[in-house]
Every structure is written in structure tokens, then in C-alpha cells.
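Asks: Fold the following for me, if possible:
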Amino acid sequence: MAVSKRFILLTTSIIVLSASSYGVEIEPSLTLDKIAQASEKTSVNTNPTRLGQTDADEITNLLLAAFAALGTVLTWQAIRRESKQQQIKRTFQSKILSDLIRHMYRNKVCICATHWKLQEEGFERYYPSEEHLLKLKLLPEDLRFDRFDNTPDFYDILHELELKFRNFNIEVDVSLEHLKQQNIDEKTKIRDLEVLEFKSQLLTSDIINLMHTLKLPIVEEGNRSSGKSTLRYTPMESGSSDQNDLWKKFHAEIPLEYIEDVRKFLVSKSARYSKLHPAELPSKPCRPDHRNERTGYFDDVLQLSEYLDNDIKGEYPKIHLIEFRA
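Replies: The predicted structure follows:
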């Protein structure tokens, strides 16, 4: 529009000057000066006004504000999505580690029941079916700790636990190989089973410490009824000085409330197992009277003696022994 206006004014000036030159003789230099003056006036009159500049700035600012608002919304959505993903990830981690605690508890039950039955029937006459020991092993996907918050702060802890898991699987294989050989003495076989029992409780304490370090809660699977235990649940007690010393050795920085959650979780699993696999319980004791630091973690720290005895007696009839060939 400004260009059109400038063109119209310039054309008008030229026509006016041309018409004047026909009536009065004017010197060429004077004519050029008049044309130049007219062009200069036209240029001044067609410059953008301050009002036009202000409108353009306002439009630009509005566009910038719109882009900024859009960027803010997109950033908020990205943060919210990342937060949700992180929450899902943490829930997933809690379920994995909680289930590993359950698995280690069941390992303790199965090892004690196997040990008890072999002592009753004779190590020199029988060996357990392979399934009872192979199910003690940890699944390969349980060892994939790259799914966890593998930051430098926790890398050493995760890596150490992963190595312990691998070593445990190796010890299961070694124990099974010894139990299947009739020429291996009973003392060696008992030692192998006691090592597996000790490692099960040691890994349990390591997993609990890891969960507390990562600030992960003990997670019970939803939409499943745990059933009622045959034993009445009683809260944990602080215990004697010896018991407290053992507690501090395994869980120096973990409060009683957190361990209570672990205990409730394992008791619910015990109740569920008893409900799904009812069995007649033998009346005689299923474990040796003496306990020590290597075998008493579930009894003295988690205070699960009654539940353990109940589960071991329920597992005992399910242990299948195979007789050595003559």
C-alpha cells in the first residue's frame, strides 16, 4: 500500500511539473531540483508511522508468548509422562524384589524339609528328586539388574548382589550333584544343604537392605486373597540384647516398622501357601533344637519360627526321594 501511495504521488508530481514546463520556460537544472524535492517529500510522507511499528511489535510479542505457552505445556506433559514412567518403574522394581524375598523364604522351607526327610530316610539310601533343588535357583531375568536405577550410587550394591545370585545358583548345582552320588559322605551332603540354607537367609537380608536403600516399599500383589493363617499373627518384639545384636548385624539402619512390613508380607505368603496346599502336619519336630547365626535369621530376626515350622511340615510330604540303585 505504501509503495502504491509513493508511486501515485511521484507520478502526480511528474505530471504537474511537465505541465508547468509547457507554459513557462524553465532551466533544466531548476526542473531537476523540483523533481528531487517532490520525491523527498513523497518519501517522508510514505514512511511507516510509529503506530504501525507498535502494531507490528504487539503481533510479534503475541506470537512469542503463544510459542512460549505451547513450550510450557509440552514441557509439563513431558515431565508428567516421565514422572508416571518413573512411578511405574519403581512399582515394578518393588514387585521384583518383594517376590525374591518370598522366593528365598520358600527356599528355606524347601531346604529344611529336604534335609529333614533325608535324615529320616537315610542320605546313603536316597537322594531328592532334582526338581526340589532346581526350583531353588534364581531365574535369569531376576539377575538383570540393568532394569533398576543403575546410578553410580547403587551400582556397587547391585553388582555385588548379582554376583551373589550367580554364586547361589552354582552352589545349588554343586549340592544337587553331591546328593545324587552315593559315594559322597553324609557330612558333605549336610554341609551343602546348610550352605544353601545360610545363603537363602543372607540373600534375603541383602535384598531387604537394598529395598530400604532404594526407598522401595514391600509390595503385595493385588487382587489376590491371602487367606487366613492357621496361626494368629502377633507383632514383632524388640527381643533380648543378643537378638538386638543380631538384628543390628543384618539391618543396622532399618527401622522396626520396615521389617514388620517384610514379616507381614511373608506371613501372608505362608497363609496363601497353606490354603492352596493343605497337608497333614507331622507332630514331631521338623528342625534341630539348636540354632545359630548361620541358620537363625528367619527365626530370630524376622521372628517367623512358628510359620516356618508350619510350612516345613506342610512341605515334608511333597519331597520326593529316589532310591539309589544297588
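Asks: Report the rounded mean pLDDT for the helix or strand residue 110 falls within.
Replies: In the assignment (DSSP states H and E), residue 110 maps to helix 50-121. Averaging pLDDT along helix 50-121 gives 76.
Asks: Quick check: buried residues in the helix or strand harbouring residue 193?
Replies: According to DSSP H and E, residue 193 maps onto helix 186-213. Residues of helix 186-213 classed as buried: 189, 192-193, 195-212 (neighbour count, 16 or more other CB atoms under 10 Å). Glycine gets a C-beta too; all of them are placed from N, C-alpha and C.
Asks: Which other helices and strands does whichever strand or helix holds residue 312 contact?
Replies: Secondary structure assignment for residue 312, by DSSP H and E: helix 305-315. Counting contacts by 3 or more CB pairs under 8 Å, 6 or more residues apart in numbering; DSSP states H and E, helix 305-315 packs against helix 50-121, helix 256-276.
Asks: partners of the helix or strand just after it in the sheet?
Replies: Later in the chain than helix 305-315, the nearest helix or strand by DSSP H and E is strand 321-323. Note on strand 321-323: by DSSP bridges, its sheet partners are strand 126-128 (antiparallel).
Asks: Surely residue 213 is in contact with residue 157?
Replies: Yes. Look at residue 213 against residue 157 with CB atoms under 8 Å: they come within range, at 6.6 Å.
Asks: so what's residue 211 up against?
Replies: By CB atoms under 8 Å, 6 or more residues apart in numbering, residue 211 lies in contact with 94, 97-98, 217-218.
Asks: circling back to that earlier point, the helices and strands packed on helix 305-315: which one's closest to residue 166?
Replies: Nearest to residue 166, of all the helices and strands packed on helix 305-315, is helix 50-121, at 14.0 Å by CB to CB.
Asks: if we can go back for a sec, what about the helix holding residue 312, average pLDDT?
Replies: Here the average pLDDT along helix 305-315 is 88.
Asks: between it and helix 256-276, how many degrees?
Replies: 30 degrees (axes from the mean of the first three to the mean of the last three CA atoms, to 10 degrees).
Asks: List every C-alpha atom in helix 305-315, with coordinates, as CSV.
Replies: Taking Å, rounded to 0.1, in the frame of the first residue of the first chain, the C-alpha atoms of helix 305-315 are listed here in CSV:
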residue,chain,number,x,y,z
SER,A,305,9.7,-69.7,63.8
GLU,A,306,6.1,-70.8,64.1
TYR,A,307,5.3,-70.1,60.4
LEU,A,308,8.5,-71.8,59.3
ASP,A,309,7.7,-74.9,61.2
ASN,A,310,4.2,-74.9,59.9
ASP,A,311,5.4,-74.5,56.3
ILE,A,312,8.2,-77.1,56.6
LYS,A,313,5.7,-79.7,57.9
GLY,A,314,3.4,-78.9,55.0
GLU,A,315,6.3,-79.3,52.5
